[in-house]
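>>> Quick one: sequence plus predicted model below, questions after.
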Amino acid sequence: MTKIIYVDPRNATQTVDLADGTSLMQGALASGVDGIVAECGGNAMCATCHVYIEPERMADLPLMSEEESALLEGVAAPRKSNSRLSCQVKVHVGLEGMTIYVAPAQ
């Protein structure tokens, strides 16, 4: 299990233990983290699971696909250099203690 810290749009913090291979979106939904809509169920088709990753932890993530990047162009909250779709990031031990900020609008 890997500890991930979620910060919802109201700045409430929730630390959850997630199994490796679980997406950040799945972990948020299963743990009741507020703000993740996930309309497409994690198929990288809607961008309603937009999150901001701690900038210093971006190197711990796999590279973003062209599809994910294109979807992030149309998100409701501003796209930033640390924006990702939480459905596209799988948990692994290297992410231990990472903080995820849920975008304020989906």
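That came through fine.
>>> any idea where the helices of the chain begin and end?
24-31, 66-72 (DSSP state H).
>>> export the last one as CSV, just CAs?
Extracted in CSV, the C-alpha atoms of helix 66-72 (Å, rounded to 0.1, in the frame of the first residue of the first chain):
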residue,chain,number,x,y,z
GLU,A,66,-0.8,13.1,-26.3
GLU,A,67,-4.4,12.2,-25.6
GLU,A,68,-4.1,13.3,-21.9
SER,A,69,-2.4,16.5,-23.0
ALA,A,70,-5.2,17.3,-25.5
LEU,A,71,-7.9,16.7,-22.9
LEU,A,72,-6.1,19.0,-20.4
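>>> tell me how far it is from the chain's mean position?
14 Å (CA atoms, centre = their mean, to the nearest Å).
>>> ok, and for that helix, which residues are buried?
Buried residues in helix 66-72, counted by 16 or more other CB atoms under 10 Å: 68, 71-72. Placement of C-beta: from N, CA and C, glycine included.
>>> Sounds good, over and out.
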